[in-house]
Structure formats: structure tokens, C-alpha cells
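Chemist: compute the structure for the input listed below.
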Amino acid sequence: MALASPLGAAETATAPTLNPAPAVVTKPAPSANKTAKKSAHKARNAHAQKPARKASRVMQASGPAYASRPEAMLFADTTAAQRNLSPAWVRRAIGQARFSPAVVKLMQPPTQPFVKNWAVYRSRFIDDARIAAGVKFWQSHAATLARAEKEYGVPQEIIVGIIGVETIYGQNTGSFRVMDALTTLAFDFPASHPRAAERSEFFKRELEQFLSHQNRLGADPMLALGSYAGAMGLPQFMPSSWVRFAVDFDGDDKIDLWNSPADAIGSVASYFKAFNWQTGMPTHYPVSFNKERLDMDTLMAPDILPTFSVASFTAKGAVLEGAALEHKGPLALIELLNGPNAPSFVAGTDNFYVITRYNWSSYYAMAVIELGQAVAQEIKNRP
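Modeler: This is a model prediction of the structure:
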């Protein structure tokens, strides 16, 4: 779930990540004097918009079409003018989208308070089946993963962890029509949500970006499938992330995050590089506490944002050992609640924070890290 504008840790700490979110720049269009190449390029990209072969059955939206909604048609006209698109094309695309009760239901805030539980959350993403799928994915794309690490500086296990947590390596890339999901959330975001107005505006921007991108590709926007929030492909990129961060990593002159594992691998690495991943830096260190001088309130105040130097971190009662004492950058105290049991803590680095830019949740970041590690260890243990 590559998030350009997050839903927030509270909304993602207990739910699977095949949901909302936003990632690097698309390839420039071919030059004007190469008409044949341009036509072929457009056709190939249109073909790339087909849903992945392993996609689930399409979740048909059962509500009315948005052609009857004046505010949706006004938005279509405004988008067409701002993006230099055909008003008729934009009106037809938005008008064909249908209200999805399922999308609204899935986006509703919880009706009862819940207690975060890292052990439960971890068990949903790190199990034998997902690790086995990760081993197969890594072994099948070893050269591509190695090239991505070399070019972008992002460890292979982090890339493997992201794609595994997001879609189980392409097994579940989503079955909602992206147009239905984005349009529903743009114009009918649940009013009961505490940030409904903000989220509605976010999804309007994503809908605008999606339409503009599909038009440039000459693709039918009604064919694309994704999550209930419009996230697409193996890495679950939102439209703005696709436009900003997705790359053609297999060299076939198109970007296909549904059917090209290479493009997905390169795009995830590109995303992290854009958010200042620091090559060679650990994501976190073990931490314990000196209870006699522990200032937990101060340590927890910045949340997951790395703020403390090693000296200030330890002065407030955090205990570090070994390599952590030599760390040069800032640290954050990361708390992972375990329901009725004692919470878990780690000292998060800038790279831990970068992972949370993909999905703004420390639980998500730890699941990505530990899944990647588990897959790497399983490969190492095999004869």
C-alpha cells in the first residue's frame, strides 16, 4: 500500500494492507517523430492495464451509476479542463462508475474500540504458506532483486517483505474495479469517519490522477482491478504512486505492476529510494530500559519519528547494546502493543520510518521486516 496520503496508523495497524494507499516517475513519452513506436507503446501499455491473471472474480458494484450525480459530472468537467482531457471521455468514465456498498462498508471505522495486538497482527502475515510463496518468488526473481538492490540500495528482503505483505506475491491483487472504488470513496466516503472530508478530497485527487494516467495510456479505465481503495498491482500502488514512482524495470517499454514482477520489484525499490532509504542502515535495534531513570513519556512523545540521538535516547532510560551504540542517526522508540500482554519495543531508525511511508503503521513495518527476514532465513536453511 504505497501511500501518498496515509489513512493513519490507527486505521492500518489491525487490517490487511490490500487497501488504500500511494509511489516514481513514468517513462517519458516517445518523441513525436516516431509515430509508429508511439502507437506500439500506447498499445502495449493499454494491454498492461488488464487485471493480473491471478486476480479474483470481479466484485461488481451494485449501486447506481454516477452519471446521475450532478457533483460527479461537475467534477468530471473540472478534471477535464485542468488535465486537458476530453470532457466527454471523462464524463463517460465517471458516469459508468457505480456506487459500491461493499467499498463503503469496508471503509467504515470500527464500531467498537479494539486493542492492538502485534502477536495477532504478525501471525496474519508471517506463516508457513506466505514464507513458502516468498521463497519461490525470491528464487524466481533473484537476479532482478539483486539488480534492484544494486541500483536503489534497498535490501532484497525488504522488497520481498513488501510484496508478500501486500498481495502474497501477486496471489491477491484485488478484485474491485478501480473506477468504482475511487469514485465511491471520492463522492460517498463514510460520513461517520472522523476524517471523512479529508479522505474524500484525497480520493478525488487519486481519481483525477487515475483518469489522467489511463487517458495517456489509451487504456479503458473500467478494466483496471485493485483493492477496495483503488490500490493496484503486486505492490498495491495508488494512482499517484504509480505516476510518481513506478518504473519499467524489465525494459519492455511499459510499466505493468499487475503482470510484471520485475516492474513491481523495481517500483518498490524506487519508492523507498525516493523516500530517502539509507543503504546499509539497519531498520531497528533491540532496546530495553533502565527503570531508575526511564522517562517513557518523553521517549514516546515523537511517536515513530526518529528524534533522539543515541546519547539523548540512553539518557532517558533506553538501554542499547553493541552496534546500536555506534548508530549515527536519530532513533525513535517503537511500541508494539500485545493486547493484554506486555508491549514489545524496538529502537527504530530512519529506515524504519521510511517503511512506514509505504503504510503509516509501525505494525505494518515490522511485519514487512520480519517476513523478509523469515524468507531469507528459509532460503539460507535449504540445502
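Chemist: pull the residues that contact stretch 180-189.
Modeler: 61, 63, 66, 69, 71-72, 75, 94, 97-100, 103-104, 107, 196, 199-200, 203-204, 206-207, 210, 226-230, 239 (CB atoms under 8 Å, 6 or more residues apart in numbering). Just so you know, the C-beta spots here come from the backbone N, C-alpha and C atoms, and that holds for glycine as well.
Chemist: which among those residues end up buried?
Modeler: 61, 63, 66, 69, 72, 75, 94, 97-100, 103-104, 107, 199-200, 203-204, 206-207, 210, 226-230, 239 (16 or more other CB atoms under 10 Å).
Chemist: strands of the chain, start to end?
Modeler: Using DSSP state E, the strands assigned to the chain run over residues 176-177, 225-226, 284-286, 288-289, 318-319, 332-338, 341-348.
Chemist: and these as JSON lines, adding distance to residue 263?
Modeler: Below are the strands of the chain laid out as JSON lines (distance: least, CB to CB, whole Å):
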{"stretch": "strand 176-177", "distance to residue 263": "21"}
{"stretch": "strand 225-226", "distance to residue 263": "16"}
{"stretch": "strand 284-286", "distance to residue 263": "29"}
{"stretch": "strand 288-289", "distance to residue 263": "42"}
{"stretch": "strand 318-319", "distance to residue 263": "41"}
{"stretch": "strand 332-338", "distance to residue 263": "31"}
{"stretch": "strand 341-348", "distance to residue 263": "29"}
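Chemist: make TSV from those strands and add mean pLDDT and distance to residue 248 to it.
Modeler: Compiled in TSV, the strands of the chain are given as follows (pLDDT from 0 to 100; distance: least, CB to CB, whole Å):
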stretch	mean pLDDT	distance to residue 248
strand 176-177	97	25
strand 225-226	98	20
strand 284-286	98	33
strand 288-289	98	46
strand 318-319	98	44
strand 332-338	98	35
strand 341-348	97	33
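Chemist: of the ones you listed, which is nearest residue 134?
Modeler: strand 284-286 (20.2 Å; CB to CB).
Chemist: related to what we said a few turns ago, now, which of the buried ones among the contacts of stretch 180-189 lie within helices?
Modeler: 72, 75, 94, 103-104, 107, 199-200, 203-204, 206-207, 210, 239 (DSSP state H).
Chemist: let me have the residues you listed in CSV, extended by pLDDT and distance to residue 253.
Modeler: What follows is those, written out as CSV (pLDDT from 0 to 100; distance: CB to CB, whole Å):
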residue, pLDDT, distance to residue 253
72, 98, 35
75, 98, 33
94, 98, 30
103, 97, 34
104, 96, 39
107, 94, 36
199, 96, 36
200, 97, 36
203, 98, 31
204, 98, 31
206, 98, 26
207, 98, 27
210, 98, 21
239, 98, 21
